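>>> take this sequence and fold it.
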Amino acid sequence: LPISYLELEDRIAGAVRDKREFVSFETYKSWAKESGMKSDEDVARATDFLRDIGIVLHYTSDDLLASVVFLNPQWLIDVMKHVVRHDIDAVASYDDRIEDEIGDDEEFQDIVDDFIKFGVLRFSLLRRLWADLTLDKQMFTIMCVMMKKFEIARSVPDVRFPEREILLVPSHMPKELSDRTPITTATNGKSLFIERHYVLRGFIPSGLFERIAVRTYSISGLQLNARHELLGFSEGGKVHISLVKAGKKSPSFSISVLAWKELPENVAFDLMFSEETKRSTGFDMESRVRDLWNHIAAYCEVIEGLIEEWPGLVYDIKQLCPCCRLGNCERVHKYDITALAETKKAKASSITCPNIRGPGKTVHLDFLLPPWGAGKVRKTSSRAPHGEGDAESRSGRATAAAGGPGSGAATAIDEAGRNAASSRSNPSSDTSMRPGMMRRGSTLANITAAAEKDKQKERAGSGGSGNATAGGKEAESRYDVMLSYQWNKQPVVRHLKQRMNDSRVAVWLDLETMTGDIYRRMAQGVQNSSVFCPCITEDYCTSENCLREMQYAADLRKPIVPVRMDDSQWIDAP
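Here you go, the predicted model:
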């Protein structure tokens, strides 16, 4: 690492020891320049590195958030935990010394009850919960935006005062809907409906559905109704999203997406399985079903994207049988989405309900299989690891109560940072947040992206067939990355390989002293890997074989992602 990075990290550690949990970006940049960084690009690279290993948090997607650097991410998490807690009534007490719009203790208690019972968090209560932090207007606004960025809350208009905003916190909302009447109309035979379940095998992570609620709220028509139930109405139809237990004896849970729309009076849903009935009524079933699928596509994309972001979650997609629903079967049959896709490939247009057999008791595949098939709704773009570019960040400047990142704002932020009280339970402990995903996220993401790009080039070069035209060998590489190293660094390189394997990166690594035709083995490693990753040390830079590997990778135009393992100087790229 450059010595300037280490000096900047030491400067940050000293500030945290002095209870400065955040500073203005201008102050942070001056620290970086004093540490030896000459340009803004150097500062940006150092900040990205420190962010990836959990030392700082800094967001560049919004002017307001860009004006501050959080020096202690753990402090930020602890501040959020002070709001989302089960004993909020015990820590929220009325203090008449605080001057704000809250009139008396009775009004204050009503505001606390709204938060505890309905998840309605008013800013007046939030200011009191954060009173010890001594935040000015701008930093208070920034902290509110951070709550939304962490997907803890969502801002919505206040029912009593529509010109004002409040925060809805799903973790404090009632678990179920108080009025379930609208849902009963979904499967009464007078509505067109489809129902999909995302079956989570084994466990349901705490907070998963609450984050789904926050993400899906931005979709038109959806309301944050309850902690584990969402209900929405729009021209496209009605949607009910809920968390349900898979069965009485099953430990699994499912996220259910039920969408429906009322049918014309001369059409009943149970009659739509008959081709003769469809012809006689003139009802365009296919287009209506397609419109309903398209209506819930955005909800499905949010759910699938969040489940796939969650480490260790395994899930299946099931489609519920409408025949069983209409027949009030005790056990509703669930079709596996992959099996349905195979059935459609076999040119079948419908499938027989296993519970209700008889003439006309078949289900058209359009009700069970969405237009996008068995895969994801569409290729869900990876969310930036630190929430860059989302709508909540962009909205920060619109809701800011103070100016942008000018010199006056920087001074105010620095002053607030000096006065912010530490809320850590053990101040003497090392509380720097260094979770594994943040620590290795950037390097592995670069390697994975480079590997995928290289594979796409190979497929394009072979005419899209995936096979080479000569020799009958597959054009696509067998490994994502080749680790090239000098022998005395094998223990740490083995550890690096294991970490990559844990992140599903296929690694080529020679673990034996090369004997025999070493050049052939080196060539095979480079050729069969999408990315070349040299582990740079002083010995590596003087090893003819190591340099030969790197030269060959450059000749093949392989993406090269170097890893520096000691204080050796960078060698000139071949």
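>>> looking at the protein, which helix or strand does the model trust least?
Scoring the helices and strands of the chain by mean pLDDT, DSSP states H and E places helix 396-399 at the bottom, with a mean of 33.
>>> how many residues are close by Leu64?
24 (other C-beta atoms under 10 Å). All C-beta spots, glycine's among them, are computed from the backbone N, C-alpha and C.
>>> surely it touches Val145?
Yes. The criterion here is C-beta atoms under 8 Å, and Leu64 meets it with Val145 at 6.8 Å.
>>> hang on, Leu8 packs against Lys33?
No. Leu8 lies out of contact with Lys33 (C-beta under 8 Å); the separation is 9.7 Å.
>>> between the two, which one's more packed in?
Neighbour count, other C-beta under 10 Å: between Leu8 and Lys33, Leu8 has more, with 26 against 16.
>>> per-residue confidence at the residue lying closest to the more buried one once chain neighbours are set aside?
Of all residues not flanking Leu8 in the chain, Ser35 sits nearest, at 4.4 Å (C-beta to C-beta, 6 or more residues apart in numbering). pLDDT recorded at Ser35 is 93.
>>> element containing Lys318, please.
Using DSSP states H and E, Lys318 maps to strand 315-320.
>>> buried set for that strand?
315, 317-320 (16 or more other C-beta atoms under 10 Å).
>>> so can I have TSV of those showing pLDDT?
TSV is the format used below for the buried residues of strand 315-320 (pLDDT from 0 to 100):
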residue	pLDDT
Tyr315	86
Ile317	90
Lys318	90
Gln319	90
Leu320	89
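>>> just put these in CSV and tack on distance to Pro534.
Converted to CSV, the buried residues of strand 315-320 look like this (distance: C-beta to C-beta, whole Å):
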residue, distance to Pro534
Tyr315, 38
Ile317, 42
Lys318, 47
Gln319, 49
Leu320, 53
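>>> quick one: low-confidence parts of the stretch 251-400 of the chain?
251, 270-282, 356-361, 375-400 (pLDDT under 70).
>>> helices of that one, start to end?
Secondary structure of the stretch 251-400 of the chain (DSSP state H, counting those that start in this stretch): helices located at 275-281, 285-309, 322-326, 337-345, 365-368, 391-394, 396-399.
>>> on that earlier part again, between the buried residues of strand 315-320, which is closest to Ser484?
Ser484 lies nearest to Tyr315 out of the buried residues of strand 315-320, by C-beta to C-beta, at 37.5 Å.
>>> list the contacts for that closest one?
By C-beta atoms under 8 Å, 6 or more residues apart in numbering, Tyr315 lies in contact with 198-201, 307.
>>> ditto for Thr47
Contacts of Thr47 by C-beta under 8 Å, 6+ apart are 28, 32, 56, 58, 69.
>>> now Val363
Neighbouring residues of Val363 by C-beta under 8 Å, 6+ apart: 273, 321-323, 350-353.
>>> show me where the stretch 1-150 of the chain has helices.
Using DSSP H, counting those that start in this stretch, helices in the stretch 1-150 of the chain cover 3-17, 25-34, 40-52, 63-66, 73-81, 88-91, 105-118, 123-129, 137-149.
>>> chain center to the third one: distance?
What separates the centre of helix 40-52 from the centre of its chain is 23 Å, taken as C-alpha atoms, centre = their mean, to the nearest Å.
>>> quick check: mean pLDDT of stretch 130-139?
Mean pLDDT, computed over stretch 130-139, is 84.
>>> and the end-to-end length of it?
From its first residue to its last, stretch 130-139 covers 11 Å (C-alpha to C-alpha, to the nearest Å).
>>> what's the closest non-adjacent residue to Arg11?
Leaving aside its sequence neighbours, Arg11 sits nearest to Trp31 (C-beta to C-beta, 6+ apart; 4.9 Å).
>>> from what I see, the one you found and Asp10 are in contact.
No. When contacts are counted by C-beta under 8 Å, Trp31 is not listed as touching Asp10 (10.1 Å).
>>> which one of these two has more residues nearby?
The residue with more neighbours, out of Trp31 and Asp10, is Trp31; 18 against 11, by other C-beta under 10 Å.
>>> check what pLDDT that one gets.
Here the pLDDT value assigned to Trp31 is 95.
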